[in-house]
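Trainee: model the structure of this input:
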Amino acid sequence: MGAYGLLMLLGSIQIIYAASTSLGQRNLKKRIAYSSVSHMGFIIIGIGSISDTGLNGAILQIISHGFIGAALFFLAGTGYDRLRLLYLDQMGGMPGMSGFVVELMIFFGILTSQKYLLMNELSFGFISSVNYIG
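Mentor: Residues are numbered from 1 along each chain as shown. The predicted structure follows:
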């Protein structure tokens, strides 16, 4: 496994570890922070895919994460200012964001990469997509 394969493995581990840590957080700001670390793993995987789609997905993930992260922390601060609540079990649900499209581009970048064997591409894609199960 070369340096790019190591990047993809490291990104997959980062996604799973940070996402599982995020699920255990009751505080909204901590959950946003840990999920933000998880989404940085998609950037690492996009770079490691060495394909145009994966690299474009990584760049768009950086841009999308900047907007989404700022908006979520703004909403968390506004919600705390008005409700005086930071714990999710007291608030209710939260809507989904646009980062899904970018992460889907990164998955397609992995699958269309000519650098790796099909089995490696499928295993990295499967490991990283565990983030959405549950």
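Trainee: just to check, A58 is in contact with F42?
Mentor: Yes. Counting by CB atoms under 8 Å, F42 is a contact partner of A58 at 7.4 Å. Any C-beta I mention is one placed from the backbone N, CA and C, and that applies to glycine too.
Trainee: list residues touching both of the two?
Mentor: I106 (CB atoms under 8 Å, 6 or more residues apart in numbering).
Trainee: so these two - more neighbours on which side?
Mentor: Between A58 and F42, F42 has the larger neighbour count (other CB atoms under 10 Å), namely 28 against 22.
Trainee: enumerate every residue touching the more buried one.
Mentor: G11, I15, G57, A58, Q61, V102, E103, I106, S128.
Trainee: any chance of these in a markdown table, plus secondary structure, distance to S51 and pLDDT?
Mentor: Compiled in a markdown table, the contacts of F42 are given as follows (DSSP: H, G, I helix; E, B strand; the rest coil; distance: CB to CB, whole Å; pLDDT from 0 to 100):
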| residue | secondary structure | distance to S51 | pLDDT |
| --- | --- | --- | --- |
| G11 | helix | 14 | 90 |
| I15 | helix | 18 | 89 |
| G57 | helix | 9 | 91 |
| A58 | helix | 10 | 92 |
| Q61 | helix | 14 | 92 |
| V102 | helix | 15 | 75 |
| E103 | helix | 15 | 75 |
| I106 | helix | 10 | 78 |
| S128 | helix | 15 | 66 |
